[in-house]
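Q: Next comes the sequence, and after it the predicted model I'd like to discuss.
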Amino acid sequence: MNETTQRATVMVVDDTETNIDIVLDALNDDYDVSVALNGLTALENCRHTLPDIILLDIMMPEMDGYEICRRLKQDPRTKDVPVIFITAMSETQDEVVGFSLGAVDYITKPISIPIVRARVKTHLTLRQAQLELANQNVILEQKVRQRTVELRQSRLTTITCLGRAAEHRDPETGAHIQRMSRYSQALALACGFDEAEAELILHAAPMHDIGKVGVPDRILMKPGPLTPEEREEMKAHVVIGGEILGNEPSKLLSMACQIALTHHERWDGRGYPSGLQGEDIPLHGRIVAICDVFDALTSERPYKPAWDVVRAIEQIRHASGTHFDPTLVEHFLRIIPEILAIRDQLTEEHTPCHPVA
């Protein structure tokens, strides 16, 4: 039914006044009935006021009922309006043609008032049920989308907390994971990743060092250089990270596991833990490796001051083909202005505000 009225609207299309009068007598008490004496008028009226159901004569001059029905069903606005043919044509083949065009029923002449009332009521009830079901489906889809967004946000919040948990035990700044993750997203896009895949690496990269939760404090918090033995213990964080994140069906966690295990591999095969070489290193790990090192170089650590950007860029360029994938280095250097914009933005966001005394 129309939302603006409690009474359904019925359009009667017939060029014979006697037939119109019979239908009006049958329906006027219960419905708002409009009349069109030909097809063009009916189609024009539908453009202004959409009926809930149409009673349509077949045999009319200029444009017959079949053609009117065909046009109604081709118009997205009127294609779902039920059409009942009223006709003296009662052959089976006539009904086949009408149903193939999208009509829902036939009423044969001479017109019976009880039949008209019953058929109109039945099909309006069906139409109302269809509309309510469609509306329920829309509401359900909205709820599913909302719940999916909530679950996704909850998952990302948990992931961020995991990344920060690792950073909390590390003397590095807490903004490190945000910067290197945004760098990784930008580099992924520069390499041709689509938006969804680049966003996935944005959310997977923060867990690259989650394995540091298993590294002793005496090593993580040591202000000076590590001994060879301590360095080996530190290297274990990639394997620990893989164990924490492994065996999960989630595409995000699977990528995070891959990154945790491979972001310290080197293009020349001298990295760890597996000594992978070249393109045997997963692409996500190669991307994060560059971004992680660049941010480490340009950040202050207990064991070193921050490098200036020019020196850090030169180091990345120098390590192309040995530490890093040379193609990725080219992409990274090409987007340096974007990388620095991200760095400045996040640095500004994490600058503490000191109250005025």
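A: Arrived safely.

Q: So which residues of this protein form strands?
A: Listed in chain order, the strands of the chain (DSSP state E) span 9-13, 32-36, 53-57, 83-87, 105-108.

Q: Now tabulate those strands in a markdown table and tack on mean neighbour count.
A: C-beta coordinates here come from the backbone N, C-alpha and C atoms, glycine included. Output for the strands of the chain, formatted as a markdown table (neighbours: other Cβ atoms under 10 Å):
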| stretch | mean neighbour count |
| --- | --- |
| strand 9-13 | 24 |
| strand 32-36 | 19 |
| strand 53-57 | 26 |
| strand 83-87 | 23 |
| strand 105-108 | 17 |
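
Q: To I281, which of those lies closest?
A: Of all those, strand 83-87 sits nearest to I281, with 64.1 Å by Cβ to Cβ.

Q: So, low pLDDT: which residues of this structure?
A: Applying pLDDT under 70 to the chain flags residues 1-5, 90-91, 152, 154-174, 302, 348-357.

Q: per-domain residue ranges of it.
A: The chain breaks down by automatic domain parsing into domains covering 9-137, 169-349.

Q: could I have stretch 57-76 exported to CSV, CA atoms only?
A: What follows is stretch 57-76, C-alpha atoms only, in CSV (Å, rounded to 0.1, in the frame of the first residue of the first chain):
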residue,chain,number,x,y,z
ASP,A,57,-8.1,-4.5,-20.3
ILE,A,58,-6.4,-6.3,-23.2
MET,A,59,-8.5,-5.3,-26.3
MET,A,60,-8.1,-1.5,-26.6
PRO,A,61,-7.4,0.7,-29.6
GLU,A,62,-3.9,2.3,-30.4
MET,A,63,-2.2,0.4,-27.6
ASP,A,64,-3.4,-3.0,-26.4
GLY,A,65,-3.1,-4.3,-22.8
TYR,A,66,-0.1,-6.5,-23.7
GLU,A,67,1.9,-3.6,-24.9
ILE,A,68,1.0,-1.5,-21.8
CYS,A,69,2.0,-4.4,-19.5
ARG,A,70,5.3,-4.8,-21.4
ARG,A,71,6.1,-1.1,-20.9
LEU,A,72,5.1,-1.2,-17.3
LYS,A,73,7.5,-4.1,-16.6
GLN,A,74,10.3,-2.5,-18.5
ASP,A,75,10.1,0.6,-16.2
PRO,A,76,12.1,0.1,-13.0
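
Q: Among the domains of the chain, which comes closest to Q153?
A: Closest to Q153 of the domains of the chain is domain 169-349 (Cβ to Cβ; 10.8 Å).

Q: before we move on, back to that, including distance to V23, could the strands of the chain go into a markdown table?
A: Converted to a markdown table, the strands of the chain look like this (distance: least, Cβ to Cβ, whole Å):
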| stretch | distance to V23 |
| --- | --- |
| strand 9-13 | 5 |
| strand 32-36 | 7 |
| strand 53-57 | 6 |
| strand 83-87 | 8 |
| strand 105-108 | 9 |
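
Q: Mind checking those for the one nearest to V329?
A: Nearest of the strands of the chain (Cβ to Cβ): strand 83-87, 66.3 Å.

Q: residues making contact with that closest one?
A: With contacts defined as Cβ atoms under 8 Å, 6 or more residues apart in numbering, strand 83-87 is touched by 14, 19, 23, 53-59, 65, 69, 72-73, 94, 98, 102-109, 111, 119-120, 123.

Q: For this protein, which segments count as helices?
A: In the chain, the helices defined using DSSP state H lie at 17-27, 39-48, 65-74, 92-100, 113-168, 176-190, 195-204, 217-220, 228-245, 251-262, 283-297, 309-318, 326-334, 336-349.

Q: Reformat those helices as a markdown table; add mean neighbour count and distance to I210.
A: As requested, the helices of the chain are exported to a markdown table (neighbours: other Cβ atoms under 10 Å; distance: least, Cβ to Cβ, whole Å):
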| stretch | mean neighbour count | distance to I210 |
| --- | --- | --- |
| helix 17-27 | 17 | 71 |
| helix 39-48 | 16 | 61 |
| helix 65-74 | 19 | 58 |
| helix 92-100 | 14 | 62 |
| helix 113-168 | 13 | 5 |
| helix 176-190 | 23 | 10 |
| helix 195-204 | 18 | 11 |
| helix 217-220 | 13 | 13 |
| helix 228-245 | 17 | 5 |
| helix 251-262 | 22 | 6 |
| helix 283-297 | 23 | 13 |
| helix 309-318 | 14 | 24 |
| helix 326-334 | 17 | 23 |
| helix 336-349 | 14 | 20 |
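
Q: Mind putting the ones you listed into a markdown table with distance to G275?
A: Listed next are the helices of the chain as a markdown table, based on distance: least, Cβ to Cβ, whole Å:
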| stretch | distance to G275 |
| --- | --- |
| helix 17-27 | 84 |
| helix 39-48 | 72 |
| helix 65-74 | 66 |
| helix 92-100 | 69 |
| helix 113-168 | 24 |
| helix 176-190 | 23 |
| helix 195-204 | 23 |
| helix 217-220 | 22 |
| helix 228-245 | 12 |
| helix 251-262 | 11 |
| helix 283-297 | 13 |
| helix 309-318 | 22 |
| helix 326-334 | 19 |
| helix 336-349 | 29 |
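
Q: Cool, thanks, signing off.
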